[in-house]
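In: coordinates only, sequence not included:
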Ligand SMILES: C[S@@+](CC[C@H](N)C(=O)[O-])C[C@H]1O[C@@H](n2cnc3c(N)ncnc32)[C@H](O)[C@@H]1O
């Protein structure tokens, strides 16, 4: 496909998405129908669509309309592309710019986040609000976690480099490597296949690094999902690890991932049966507002009622999981959210319902170059 044909495809997909089709569904449907498109075409179209969704308000203002065409004109202008060289009207290319579209008058626009959520983000992020918004407009980094059970950070970097995957360290976590080039080769690399590295955001790694884990503890990951956190914990300590999820199907890849990492994790559908635990982690379902650069259409679909529903689920999880913690034990709470309702307010509400708990630390990581916006709190139960 020519660069112009890729833009025209992105325009059509964006129109579908603006009409209500989820972005992933629109993209996979197009890829299935378009056997002529190679992997580079698919990646380029996806990048166009996601760039436009990340910057939807500003791109629409700069492109003259909230349509697929307006968004692509706006995004290309923001990226310094000479738009008329793409909008040529030739075969498969977008039609030539109208007079209105050719004018570079920029309309009024708010930030690239739904307006109702801005005050909450500002409150949750404090002095990191502006930089976080800026990072939410850009592509997310690809981050790896080095599994120290299998080798050192230096050996992981060397092995990746042998396969032309360049990485650098991150201040967020000692185990984190940020991929600078060759990201598409990671899943086929020996370091990945042998369990020396896993894909994991650096902020998640920072949260796990802050947990008071010790060898011989009994540890429950109560919302284990694909197992990213429990595997990171197992990389840190030789404890006895249990994994639970309300939807056990989400843990289907966990046995293979644990085997690759060289660790043992016991899945349980009835975690109360093995209680008490010394440490219970609740990596709860949340708005994902700290990760919206990875899922930018979720940002525009998120509604106040979704936030209320999630806050209720999170409170219920905390109440249930706290029952499983031994006296003197630890309850850790984590979200990839930057909204205070899901974070510090949730912890304050929990403490007001449960007098026998205290909060040791709570940390809001902003959205940054290396990591997603992430919140974690460590609570202890009185003895
Ligand atoms: C943020 S994801 C977990 C991600 C995972 N810890 C990781 O690092 O890959 C939240 C998980 O909580 C699960 N969940 C939702 N409600 C739950 C509940 N009431 N009890 C336990 N798990 C729940 C969801 O199925 C989802 O897998």
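Out: The structure has been received and is ready for your questions. Not measured: the values here are computed from a predicted model. Numbering: from 1, shown residues only.

In: Can you mark which positions in stretch 263-283 are buried?
Out: 263, 265, 267-268, 271, 275-283 (16 or more other CB atoms under 10 Å). C-beta: built from backbone N, CA, C; applies to glycine.

In: and which of the residues you listed is nearest residue 327?
Out: For these, the residue nearest residue 327 by CB to CB is residue 276; the value is 7.8 Å.

In: What residues of stretch 208-220 count as buried?
Out: 208, 209, 210, 211, 213, 217, 218, 219, 220.

In: Show me which residues of the protein sit near the ligand.
Out: Residues of the chain found near the ligand (CB under 6 Å from any ligand atom) are 222-229, 245-247, 250, 283-285, 313, 317.

In: related to what we said a few turns ago, from the buried residues of stretch 208-220, which ones fall inside strands?
Out: 218, 219, 220 (DSSP state E).

In: need the contact list for the first one.
Out: In other words, residue 218. 239, 240, 242, 274, 276, 277, 278, 279 (CB atoms under 8 Å, 6 or more residues apart in numbering).

In: and the last one, what pLDDT?
Out: Just to be clear, that refers to residue 279. We note a pLDDT of 98 for residue 279 in this prediction.

In: hmm, back to that, just the residues of the chain next to the ligand: which are in helices?
Out: Filtering those for membership in helices, criterion DSSP state H, returns 228, 229, 313, 317.

In: which residue of the chain sits farthest from its center?
Out: residue 99 (39.7 Å; CA atoms, centre = their mean).

In: Check the gap between that residue and the ligand for me.
Out: 48 Å (CB to the nearest ligand atom, to the nearest Å).

In: hmm, back to that, which one among the ones in strands among the buried residues of stretch 208-220 gets closest to the ligand?
Out: Compare each of these with the ligand using CB to the nearest ligand atom and the shortest gap goes to residue 220, at 10.6 Å.

In: Show me which residues of the least confident helix or strand in the chain by mean pLDDT are buried.
Out: The least trusted helix or strand in the chain, going by mean pLDDT, DSSP states H and E, turns out to be helix 99-102, with a mean of 91. Of all the residues in helix 99-102, those buried under the rule 16+ other CB under 10 Å are residue 101.

In: Distance from it to the middle of the chain?
Out: 37 Å (CA atoms, centre = their mean, to the nearest Å).

In: now do stretch 332-342
Out: Here stretch 332-342 is found 13 Å from its chain centre; the criterion is CA atoms, centre = their mean.

In: One more: stretch 70-86?
Out: For stretch 70-86, the distance to the chain centre is 27 Å (CA atoms, centre = their mean).

In: likewise stretch 224-236?
Out: 16 Å.

In: which residues touch stretch 292-306?
Out: In contact with stretch 292-306 (CB under 8 Å, 6+ apart) are residues 17, 22-23, 50, 53-54, 56, 113-114, 116-117, 135-140, 287-289, 367, 372.

In: Filter the residues you listed down to the buried ones, ChimeraX style.
Out: Here is the ChimeraX command that selects the buried residues among the contacts of stretch 292-306 (16+ other CB under 10 Å):
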select :17,23,50,53,54,56,113,114,117,135,136,137,140,287,288,289,367,372
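
In: State the distance from residue 192 to residue 142.
Out: In this view, residue 192 and residue 142 are 12 Å apart by CB to CB, to the nearest Å.

In: With residue 332 instead?
Out: Per CB to CB, residue 332 is found 26 Å from residue 142.

In: For the closest residue to the ligand within the stretch 251-383 of the chain, which non-adjacent residue is spatially closest?
Out: Taking CB to the nearest ligand atom, the ligand has its nearest neighbour within the stretch 251-383 of the chain at residue 283, 3.7 Å off. Closest residue to residue 283 apart from its sequence neighbours, by CB to CB, 6 or more residues apart in numbering: residue 334 at 4.5 Å.
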